[in-house]
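Novice: Predicted model, plus sequence, below.
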Amino acid sequence: MPERRALLENWLRSVLDRDEVVLAPASGDASFRRYWRLDHEGTRYIAMDAPPGQEDTGRFVRLARAWRDLGLRTPEIYRENPQEGFLLLEDFGSRLYLDHLDGASADRLYGDALGALAIIQACATTAGLPVYDDAFLRREMALFRDWLVERHLGLVLTAREEADLEAALTYLAASALEQPRVCVHRDFHSRNLMITASPSPGILDFQDAVAGPVTYDLVSLLRDCYIAWPRARVEEWAWGYFALAVQSGILRQEAEADFQRWFDLMGVQRHLKASGIFARLHRRDGKPGYLADIPRTLGYILEVAPAYPPLRGLADLIQARVLPALADMTSQTPAT
């Protein structure tokens with residue numbers, strides 16, 4: 001919004017003691033935050049605009065500093081204005097994981113990311129964080145029905161489909177709640193990780209961290225809504241992390257019997273949530289770019305559902321009604 005940008009420019013002129021600042025869009029994200037890049041005395045910075053009432057810069061600042069103290073690469077905070085929702089941050093550059101992941105680089109980049117995740121899970125405190133409880137999990141999974149199925153696609157579920165969906169949600173929540181609880185980033189994926197100087201990766205968008213299931217961030221990274229890998233390779237990385245988690249004291253060896261199920265079902269929970277968020281971003285926020293990621297996101301659910309009988313009704317709903325409706329809607333959308 002023009003008025004927000006004018007406020008930000010006035011604040012930056014004051015804290016940098018400059019007559020003029022020139023802002024260039026750095027990125028937007030799936031929230032109300034906006035990011036701008038600027039140069040000052042030969043150094044590039046990022047200015048964050050996080051409108052109060054919609055975003056909380058205080059949580060970002062606290063977690064950035066706490067995680068940085070653990071040796072993780074979070075942006076250094078040079079100036080803050082919590083009243084207006086402005087921060088002046090270190091610029092990590094523009095080398096997003098998503099843009100650089102390929103068959104040759106994946107082992108190295110995911111190795112770095114999994115090492116950082118182990119530090120978060122083994123060392124970051126959960127004190128003061130919201131808890132990923134049953135109500136929280138169900139609010140997130142409800143986004144699938146509320147925003148994708150009903151509001152975006154206009155589908156009305158039958159009584160049988162409603163019962164199958166409710167049974168699946170109950171099953172998924174129970175699996176999540178039985179897992180060991182750790183600090184969870186909540187969006188630990190290729191669009192929030194950056195290739196940086198050591199330590200790498202640079203970690204972004206961590207302000208919504210919670211205390212929650214141990215496999216949540218792992219499946220967010222390895223079954224990423226924005227890039228897909230062969231299932232065998234994903235599971236190789238996942239089990240490699242299991243060994244690291246046992247070595248680091250995050251998990252006990254006895255969890256081996258449950259780990260694959262936890263990982264698979266946590267992914268289904270996240271992908272239900274994400275598909276609903278992508279539809280909401282289009283319908284509510286005017287951001288249609290995420291719609292193209294919905295088929296991939298739902299495809300992960302269809303990939304694992306056959307191994308888990310309580311998910312078969314959900315898989316049937318997605319296969320028989322949701323994906324065809326998405327395809328019909330896409331075919332009717334004029335090319336731009």
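Specialist: Arrived safely.

Novice: What is the burial count for Arg284?
Specialist: Here the number of neighbours of Arg284 (other Cβ atoms under 10 Å) works out to 10. Quick note: C-beta positions are derived from backbone N, CA and C, even for glycine.

Novice: And for Ala104?
Specialist: 7.

Novice: ok, now Leu169?
Specialist: 21.

Novice: Quick check: the gap between it and Leu88.
Specialist: 42 Å (Cβ to Cβ, to the nearest Å).

Novice: Any idea how far apart the tips of stretch 202-221 sit?
Specialist: 14 Å (Cα to Cα, to the nearest Å).

Novice: quick one, helices of the stretch 201-336 of the chain?
Specialist: 216-222, 231-247, 256-283, 294-304, 312-317, 323-332 (DSSP state H, counting those that start in this stretch).

Novice: Now mean neighbour count too, for those, in TSV please.
Specialist: Rendered in TSV, the data for the helices of the stretch 201-336 of the chain read as follows (neighbours: other Cβ atoms under 10 Å):
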stretch	mean neighbour count
helix 216-222	25
helix 231-247	17
helix 256-283	22
helix 294-304	20
helix 312-317	20
helix 323-332	12
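
Novice: Run the chain-centre distance for the one helix or strand Gly115 maps to.
Specialist: Here Gly115 sits within helix 106-123, counting by DSSP states H and E. Here helix 106-123 shows a centroid-to-chain-centroid distance of 15 Å under the convention Cα atoms, centre = their mean, to the nearest Å.

Novice: what do you get for stretch 53-68?
Specialist: 16 Å.

Novice: again, but for stretch 282-298
Specialist: So, by Cα atoms, centre = their mean, the centroid of stretch 282-298 is 14 Å from its chain's centroid.

Novice: any idea of the mean pLDDT for that stretch?
Specialist: Mean pLDDT, stretch 282-298: 95.

Novice: now stretch 6-26
Specialist: 91.

Novice: May I have the distance across it, first residue to last?
Specialist: 17 Å.

Novice: before we move on, what about stretch 141-155?
Specialist: Where stretch 141-155 begins and where it ends lie 17 Å apart, using Cα to Cα.

Novice: just how off-centre is it within its chain?
Specialist: With Cα atoms, centre = their mean, you get 20 Å for stretch 141-155.

Novice: Any stretches of this protein with poor pLDDT?
Specialist: 1, 28-31, 333-336 (pLDDT under 70).

Novice: could you redo the last one with a cut-off of 80?
Specialist: Scanning the chain for pLDDT under 80 picks out the ranges 1-2, 27-32, 331-336.

Novice: mind listing the helices for the stretch 51-200 of the chain?
Specialist: Using DSSP H, counting those that start in this stretch, helices in the stretch 51-200 of the chain cover 57-69, 97-100, 106-123, 134-143, 159-177.

Novice: how about JSON lines for the ones you listed, with distance to Ile203 added?
Specialist: Listed next are those as JSON lines, based on distance: least, Cβ to Cβ, whole Å:
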{"stretch": "helix 57-69", "distance to Ile203": "7"}
{"stretch": "helix 97-100", "distance to Ile203": "11"}
{"stretch": "helix 106-123", "distance to Ile203": "7"}
{"stretch": "helix 134-143", "distance to Ile203": "21"}
{"stretch": "helix 159-177", "distance to Ile203": "23"}
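
Novice: Out of those, flag the one nearest Glu236.
Specialist: Closest approach to Glu236 among the helices of the stretch 51-200 of the chain is made by helix 106-123 (9.4 Å; Cβ to Cβ).

Novice: can you give me how far stretch 191-209 is from the chain middle?
Specialist: 12 Å.

Novice: Now that stretch: buried residues?
Specialist: Buried residues in stretch 191-209, defined by neighbour count with 16 or more other Cβ atoms under 10 Å: 191-196, 200-209.

Novice: Fine by me, we can end here.
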